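*Asks:* Quick one, fold the following:
(4 chains, ligands or ions: 6)
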Amino acid sequence: MIDNKKLLDVLNNIGDRIIENKMVLNDLDTAIGDGDHGINMSRGFTNVKDKLKDLEGKDCTTILNTVAMTLISTVGGASGPLYGTAFMKSAAAVKGMESIDSKAFLSILKASIDGIQMRGKAVKGEKTILDSLIPAYEAYEKSLSDEESGTKALEQAVIAARDGVEYTKTIKATKGRASYLGDRSIGHADPGATSTKLILEAILEVL
Amino acid sequence: MIDNKKLLDVLNNIGDRIIENKMVLNDLDTAIGDGDHGINMSRGFTNVKDKLKDLEGKDCTTILNTVAMTLISTVGGASGPLYGTAFMKSAAAVKGMESIDSKAFLSILKASIDGIQMRGKAVKGEKTILDSLIPAYEAYEKSLSDEESGTKALEQAVIAARDGVEYTKTIKATKGRASYLGDRSIGHADPGATSTKLILEAILEVL
Amino acid sequence: MKKIINNPENVVTEMLEGVVEAHPEYLKKLDGFHVLVRKDSPIKGKVALVSGGGSGHEPSHGGYVGTGMLNGAVAGEVFTSPTPDQVLEAIKAVDGGKGVLLVIKNYTGDVMNFEMAAEMAAMDNIKVEKVVVNDDVAVENSTYTAGRRGVAGTVFIHKIAGAAAEEGRDLSEVKKVAEKVIENVRSMGMSLDACIVPAAGKKGFILEADEVEIGLGIHGEPGVSKEKIKTADEHTEELMNKILEDIQIEKGEEVAVMVNGLGATPLMELYIVNRKVAEIMKAKEIKIANTFVGNFMTSLEMPGFSISILKLDDELKKLLNAKADTPAFKQF
Amino acid sequence: MKKIINNPENVVTEMLEGVVEAHPEYLKKLDGFHVLVRKDSPIKGKVALVSGGGSGHEPSHGGYVGTGMLNGAVAGEVFTSPTPDQVLEAIKAVDGGKGVLLVIKNYTGDVMNFEMAAEMAAMDNIKVEKVVVNDDVAVENSTYTAGRRGVAGTVFIHKIAGAAAEEGRDLSEVKKVAEKVIENVRSMGMSLDACIVPAAGKKGFILEADEVEIGLGIHGEPGVSKEKIKTADEHTEELMNKILEDIQIEKGEEVAVMVNGLGATPLMELYIVNRKVAEIMKAKEIKIANTFVGNFMTSLEMPGFSISILKLDDELKKLLNAKADTPAFKQF
Ligand SMILES: Nc1ncnc2c1ncn2[C@@H]1O[C@H](COP(=O)(O)OP(=O)(O)O)[C@@H](O)[C@H]1O
Ligand SMILES: Nc1ncnc2c1ncn2[C@@H]1O[C@H](COP(=O)(O)OP(=O)(O)O)[C@@H](O)[C@H]1O
Ligand SMILES: [Mg+2]
Ligand SMILES: [Mg+2]
Ligand SMILES: [Mg+2]
Ligand SMILES: [Mg+2]
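*Replies:* Ligands and ions are numbered 1, 2, ... in the order given. Predicted coordinates for the structure are as follows:
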């Protein structure tokens, strides 16, 4: 159960993990993109962490909307609109809720996927964010339907996201900048799939 | 005694030595100039060698004038006008002569110095062509006045030119491009003084 | 990393300040935004053009803000698409009531950010249309890629659509002419080495001493293949072949040529390339009506070049030759 | 050495061919010579300007051949002064009866070769005058050097003396105004690395990863000192101090600024430098009337820049702002 106070902790931790992994994400993007995913994401989350300070006591939707707007207005690149839209749809998904339970978290994952697909028009297997996010969602859903706890479900989601990142190494990019490399993109993990995995790991850490 | 036939041999040999030493001269100019003295001189003497083919049977003045014009129109840089003028004045110095004896050669050396000073306004000790040419002239003159042979005199001139090149290592350039380096020019031999030494050595070789 | 900068994080802000100091007669910066607009913005009764993208492509795009080209240019971080709020601000500042055309280079990030801005502007009741430039023939335009990229040919869109807007044409007509340019322009580039994004601090790819990168974009990313270095003529021929395979140009037709430096290429080398381009076109009996040689769309200090060929008709010719007065593109 | 060239021996010839293909509306090449002249040469009844020097400084000097600037440009081998016969040919081709002004950059070789050409032209009864530009404050103007070098400030002489000639002034008047510019312009440059002359195949000097070369000329030769790299602001301040020590400019006076790239410097960095130049001038209450940022006088692919400051009076201002239309310098 994540209340609005805990949500701030979660988001702060996401920010820390992204900022810590700036060079990791950048190096991944250097291999198959233009080497700025780490810079973009850590610029965005540095701004997010700054904004979080003023959000104590606000409701979850307001908090998530603020994160969305901050990412949209500070990340840029492909990842900015994608993560921004994901957070915006997530905010809508928990509208009116006092706190986020595992069912609400499932709808956040679903809303994020929908938002990212609406903007980016990608499907699974194109070497994008979706290749860790969709498996994570599926694992989370399965775990919940197996009546496992929210924490257990998130653990499964993280494992699926990690596998998803591994899977991106084996496929050719057909969306985003890496698609220009053709077969040369094979053998490298996707930066966006990796940042999604980091975000899920960061959530699990705080729960 | 250099007749017009021998003069062609001398000039051909000068050309060969300069072209052979292209990189040597270039490296010297890289250290204290703009790294083109070897390129410039060998471009010039490649053209000179080409022109020499059509000069068989011509008189010494015509030959030397052709060399002068060829150097002026193909070397460029500082060395082109300087060597060009030197050869032009040399041509005038032997005007009407069937062949060049040691006295005529002395006047060639003197005329070269005058021509170079007229154009370049340098004096001895400024780290230029003159720092091997003037000592060479002085040694040649002394040797002749000691009644030594022309060949012996030229040997003395070559030795003096070599010493002159060594001397240029110890002084600061105050003329030409190397002067911009100030004290940083000390420790390096002057490219122009070196090419003059090569020319004198090449003459000696054929005599 | 050796660069003439202060803090890598401030390069874009400081650059824009330097641009405004240099060209106050042409443009101004919107306070608090990385947006340059024509000094006389908004211009009533004229369609406005807005372009932009990551920084590092200078003089693109701020250098083309002025009479007959762009009304606004949005500068993202280095090689990173600008955010929608910045684009929106540019749209709002230049709209003179006849609407705004967004000239977007086809990169996932650029397209998404500009689209979001267009959606926001529509909510503010501003008429916005967009065109997406995809001139790079190095990339296959297939379902297996995000589509062909937009590269140096974009400058022709700025010039020609800008001239159409200057003539007073409507938004839909300006859009139509922009699309015509996009249909008729093809580009391809190559490079001898990578460049260094200040915030990243290292090269985007590594080449051996005898290798070149072929078909690369303008964001410092690697190209479609590595090759051994050849002569300027051979490389030029290779790029020209790719371009001319992709677009049908008949004997007697006219084109405009752009030989574009990527940032660290001596003009001498660009002219050597242009010599070969002219030779190839002469052999094919294609007439070169205009030639542009220089740094128009760069990738920081990348040593390389691209060739763009624009097939002309009477309308495009007239608009290409129209007057333009901007910091980086002037034409009488 | 990685370069986009064919044979290193042909770079100048091939470049000039590429220039002529690109800009036939401005210039033509004299057959058999490395000389570019205005297409409409000779222009009767006007003083003509001829400049030139080694190649590798593009767009100098051929890029400035056109209305309001040069009538002829002579291109030597890379970084090597052109020979007198080439300069003579340029003089003969552009003389329209009112005489020719030679704009020479102060380098021993340039001065000697242009002087010889002037002597030859005088024998042909052509009125020739010459000015020698020496704007580089890095070099001491003492009896211990060949005198200060001519660098990027030369472009201001082309522009202003060119405008004076275009106005129809006499040779002596055009010379006088050129000398006034020379008196009032000062420059200094620095670089992060050396460049490679194609025929030499290696760098002119070697710098450590954290070293820069200060006060260097434009021929790839080393500068007056090596230093540890600092911020753009610090280096700019250093160069500006040297310049402003050398020329007295009072509060309220006006200047033109040129931030010149040496060939491989991203425009981004030049604008960052310009930002600081503007800040320094603002603090001194010196008004910047015109700013030029870009590659005007390069050294092949050298990554560095120079700053030139020209003190203006009413006459110079008017002439600087006069119309110019050349491949590399256009002004309405
Ligand atoms: N259409 C898309 N849908 C989903 N994710 C995408 C799409 N295009 C790109 N991405 C993701 O964006 C990541 C790159 O982000 P980033 O480097 O910040 O932007 P840019 O590519 O503009 O430099 C990729 O690794 C990929 O995961
Ligand atoms: N004023 C001068 N008088 C005599 N010799 C000079 C003078 N200036 C330069 N030199 C000679 O010219 C040489 C350089 O020639 P070169 O490299 O061909 O020309 P540049 O300096 O124009 O590149 C110097 O090493 C020096 O010996
Ligand atoms: Mg990226
Ligand atoms: Mg030299
Ligand atoms: Mg990017
Ligand atoms: Mg030289």
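*Asks:* mind checking pLDDT for residue 172?
*Replies:* If you meant another chain, say so; for now it's chain A. A:K172 is assigned 94 on the pLDDT scale.
*Asks:* wait, I meant chain C there
*Replies:* If you check C:S172, the pLDDT there is 98.
*Asks:* From ligand 4, how far out is it?
*Replies:* Using CB to the ion, to the nearest Å, C:S172 is found at 61 Å from ligand 4. Every C-beta, even on glycine, is put in place using the N, C-alpha and C of the backbone.
*Asks:* who's the closest residue to that residue other than its chain neighbours bridged to?
*Replies:* Distance criterion CB to CB, 6 or more residues apart in numbering or on different chains; nearest residue to C:S172, sequence neighbours excluded, is C:E129 at 7.3 Å. Residues in a beta bridge with C:E129, per DSSP bridges, are C:L101.
*Asks:* Just list the residues touching C:V133, thanks.
*Replies:* Shown in contact with C:V133 (CB atoms under 8 Å, 6 or more residues apart in numbering or on different chains): C:V103, C:I104, C:K105, C:N106, C:G150, C:G153, C:T154, C:I157, C:I182, C:V185.
*Asks:* Could you list every helix and strand in contact with the least confident helix or strand in chain C by mean pLDDT?
*Replies:* Lowest by mean pLDDT, DSSP states H and E among the helices and strands of chain C is strand C:225-228, with a mean of 94. If contacts are counted by 3 or more CB pairs under 8 Å, 6 or more residues apart in numbering or on different chains; DSSP states H and E, strand C:225-228 sits against strand C:211-214.
*Asks:* Adjacent strands (with direction) for the strand it packs on?
*Replies:* Here, using DSSP bridges, strand C:211-214 pairs with strand C:185-191 (antiparallel), strand C:225-228 (antiparallel).
*Asks:* Let's test this: mean pLDDT of the first one, rounded?
*Replies:* Per-residue pLDDT over strand C:185-191 has a mean of 98.
*Asks:* ok so, going back, most tightly surrounded among the strands paired with strand C:211-214?
*Replies:* strand C:185-191 (a mean of 27; mean count of other CB atoms under 10 Å in any protein chain shown).
*Asks:* for the residue in chain A positioned nearest to ligand 2, helix, strand, or coil?
*Replies:* Going by CB to the nearest ligand atom, ligand 2 is nearest to A:G35 of chain A, at 41.4 Å. A:G35 carries the three-state label coil when classified by DSSP: H, G, I helix; E, B strand; the rest coil.
*Asks:* need the contact list for it.
*Replies:* By CB under 8 Å, 6+ apart, A:G35 lies in contact with A:N26, A:D27, A:D29, C:F79, C:V197, C:A200, C:G204, C:G220, C:E221.
*Asks:* In helices, which of these fall?
*Replies:* Members of the contacts of A:G35 lying in helices (criterion: DSSP state H): A:N26, A:D27, A:D29.
*Asks:* one step back: show me the contact partners of the least confident helix or strand of chain C.
*Replies:* C:L207, C:D210, C:E211, C:V212, C:E213, C:I214, C:G215.
*Asks:* ok so, going back, could the strands paired with strand C:211-214 go into CSV alongside distance to D:A232?
*Replies:* Output for the strands paired with strand C:211-214, formatted as CSV (distance: least, CB to CB, whole Å):
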stretch, distance to D:A232
strand C:185-191, 25
strand C:225-228, 33
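*Asks:* mind checking which of those strands is nearest B:R43?
*Replies:* Of all those, strand C:225-228 sits nearest to B:R43, with 29.5 Å by CB to CB.
*Asks:* Please tabulate the strands paired with strand C:211-214 in a markdown table, including the columns distance to ligand 1.
*Replies:* Output for the strands paired with strand C:211-214, formatted as a markdown table (distance: least, CB to the nearest ligand atom, whole Å):
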| stretch | distance to ligand 1 |
| --- | --- |
| strand C:185-191 | 18 |
| strand C:225-228 | 20 |
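*Asks:* Among these, which comes closest to D:R275?
*Replies:* Taking CB to CB, strand C:185-191 is the member of these nearest to D:R275, at 28.3 Å.
*Asks:* burial measure for residue 98, as a count.
*Replies:* Using chain A here. For A:E98, the neighbour count with other CB atoms under 10 Å in any protein chain shown is 11.
*Asks:* that answer is for a different chain, and I need it for chain C
*Replies:* 19.
*Asks:* Chain A: strands as residue ranges?
*Replies:* With strands called from DSSP state E, chain A shows them at A:2-3, A:99-100.
*Asks:* want to throw those into CSV with distance to A:A139?
*Replies:* Formatted as CSV, those follow (distance: least, CB to CB, whole Å):
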stretch, distance to A:A139
strand A:2-3, 19
strand A:99-100, 18
